[in-house]
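Asker: After the sequence you'll find the predicted model.
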Amino acid sequence: MFLWSQSLVSFTRYGSSRVLCSATQRQKHTLPDLPYDYNALEPVISTEIMKLHHSKHHAAYVNNLNIAEEKLKEAEAKNDISTIINLSPALKFNGGGHINHSIFWHNLSPCGGSPSVDLESAIKKDFGSLDSLKAQLSAISVGVQGSGWGWLGYNKTTQRLQLAACANQDPLEATTGTNIHWLIPVLGIDVWEHAYYLQYKNVRPDYIKAIFDVINWKDVSERFAKAKLS
């Protein structure tokens, strides 16, 4: 459970402190409000998709995470090791879904924008150009088999930006290693079918190409700056 707890704690540092807390505090998780209206990302992401994605899918992760944590609390009180172990997949899946989507909503904006000078410099150093980063992140995201996420993260060990793909709702930090080597999430692309299928059908590359028009580079730049200082 170490990596899972650390992932929750790290999200409060790099994400929204009122959304997630450490597992030891046992506070109820809540569905965060979107920083824009459901129709704000049209025509890139339809109003229908945004409503379903946020109010149904993300809400389900939050609800199921609270249920799993309550069961965990009861199991720990009884020292029921078997139940504690069996709850791990539910905590990882629903907690990861909550973490990932809470980042994702803020990674998007109808205004788009441009990377900060600092982030743009890092992108050029690590990928050659912003267009090259987009192409490589697109390839990573398109290549996810089944459901998952494409990520741009910051590697504190190498002090470089790095790409990664995570299956299902696996959270980036807990998936990529220990607190020394993990990648801190900076930008994520949701490639679950519920994120695009109603609009783009089975053409995932079209969805990923379009989503760069609504990437909130201000938020991405702020996450990068915080990751460097952590």
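Answerer: Perfect, I can see it now.
Asker: For the helix or strand hosting residue 207, give the mean pLDDT please.
Answerer: Per DSSP states H and E: residue 207 is located in helix 204-211. Averaged across helix 204-211, pLDDT comes to 99.
Asker: For the residue nearest to residue 109 when sequence neighbours are not counted, give me phi and psi.
Answerer: If the residues on either side of it in the chain are set aside, residue 109 comes closest to residue 216, at 3.5 Å by Cβ to Cβ, 6 or more residues apart in numbering. Yep, even glycine has a C-beta here, placed from its N, CA and C like the rest. Main-chain dihedrals, residue 216, degrees, to the nearest 10: phi -90, psi 90.
Asker: And the pLDDT for residue 23?
Answerer: 44.
Asker: swap that for residue 153, please
Answerer: Residue 153 is assigned a predicted lDDT (pLDDT) of 97.
Asker: what residues are up against the residue nearest the centre of the chain?
Answerer: Residue closest to the average C-alpha location in the chain (Cα atoms, centre = their mean): residue 100, at 2.4 Å. Contact analysis of residue 100 by Cβ atoms under 8 Å, 6 or more residues apart in numbering lists 149, 169, 171, 172, 188, 190.
Asker: Residue 64 too?
Answerer: Applying Cβ under 8 Å, 6+ apart to residue 64 gives the contacts 90, 94.
Asker: Next one: it from residue 215, what distance?
Answerer: 29 Å (Cβ to Cβ, to the nearest Å).
Asker: just to revisit the earlier point, pull the distance from the helix holding residue 207 to the chain's centre.
Answerer: 17 Å (Cα atoms, centre = their mean, to the nearest Å).
Asker: Any figure for the gap between the residue of the chain positioned farthest from its centre and residue 64?
Answerer: Distance from the C-alpha centroid of the chain peaks at residue 78, with 33.1 Å (Cα atoms, centre = their mean). The spacing between residue 78 and residue 64, counted by Cβ to Cβ, is 21 Å.
Asker: could you show me where the strands are in this structure, in order?
Answerer: Along the chain, the stretches classed as strands by DSSP state E are 148-155, 160-167, 183-190.
Asker: Of the ones you listed, give the one that comes closest to residue 136.
Answerer: strand 160-167 (5.9 Å; Cβ to Cβ).
Asker: Return the closest one as PDB; C-alpha atoms alone will do.
Answerer: Output of strand 160-167 as PDB, limited to C-alpha atoms (Å, rounded to 0.1, in the frame of the first residue of the first chain):
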ATOM      1  CA  ARG A 160      14.100  15.800 -17.800                       C
ATOM      2  CA  LEU A 161      10.600  15.500 -19.300                       C
ATOM      3  CA  GLN A 162       9.600  12.000 -20.200                       C
ATOM      4  CA  LEU A 163       6.700  10.200 -21.900                       C
ATOM      5  CA  ALA A 164       4.900   7.200 -20.500                       C
ATOM      6  CA  ALA A 165       1.800   5.200 -21.100                       C
ATOM      7  CA  CYS A 166      -0.300   3.800 -18.300                       C
ATOM      8  CA  ALA A 167      -2.900   1.000 -18.700                       C
END
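Asker: Alright, that wraps it up for me.
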